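A.B. asks: After the sequence you'll find the predicted model.
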Amino acid sequence: LTLLLDWDAGTLTPPRTLLWLALSAALFAVLLPPKVTAGPGWLAVRSPLRRRTIRTDALVAVRQYDGISSHLVLRDAFGDRLELDSRVLVANPLLWHEVDTGVRRSVALGTLRQGTDVLRRLGHEIDDETARSALRASGIS
């Protein structure tokens, strides 16, 4: 849009064209939400710049940081680290199911040493939201 406005005003030059294109690309990269995927034993977050993957069946620690945007930091036994907005898991119960299955395996194997209370609270929050959504959809609530 800025490129068209600049062209309409008659002030568009090659350096200004590059400037507008660079600013548009930067804005796109910032505003594009990361894509979160999960499978048996893994969780991945892909942004425009990089992809991070951890093994959920070999988690070592889970921390939750509160603030403007509450997010989880997950670490696995292989040294990989992943940051994830907890609202993504609340909004997608199937994604949470994959993560929870891996977490249960980590607990059973004894690798998860920190963060079980965080995951328990998050699980309760997700279950509550799923129940509320089901009640709203059925017209009961």
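C.D. replies: Alright, I've got the coordinates.
A.B. asks: Show me where this structure has its helices.
C.D. replies: Here the chain has its helices, by DSSP state H, at 2-9, 14-31, 86-91, 93-109, 116-138.
A.B. asks: So which of these is nearest Asp76?
C.D. replies: helix 93-109 (8.4 Å; Cβ to Cβ). All C-beta spots, glycine's among them, are computed from the backbone N, C-alpha and C.
A.B. asks: That closest one to helix 116-138, inter-axis angle?
C.D. replies: Counting by axes from the mean of the first three to the mean of the last three Cα atoms, to 10 degrees, helix 93-109 lies at 150 degrees to helix 116-138.
A.B. asks: Could you list the buried residues of helix 93-109?
C.D. replies: 95-96, 98-100, 102-103, 105-106 (16 or more other Cβ atoms under 10 Å).
A.B. asks: Please convert the residues you listed to CSV, extending it with distance to Arg63 and pLDDT.
C.D. replies: CSV is the format used below for the buried residues of helix 93-109 (distance: Cβ to Cβ, whole Å; pLDDT from 0 to 100):
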residue, distance to Arg63, pLDDT
Leu95, 19, 92
Trp96, 18, 91
Glu98, 20, 93
Val99, 15, 92
Asp100, 17, 92
Gly102, 17, 93
Val103, 14, 92
Arg105, 20, 94
Ser106, 15, 93
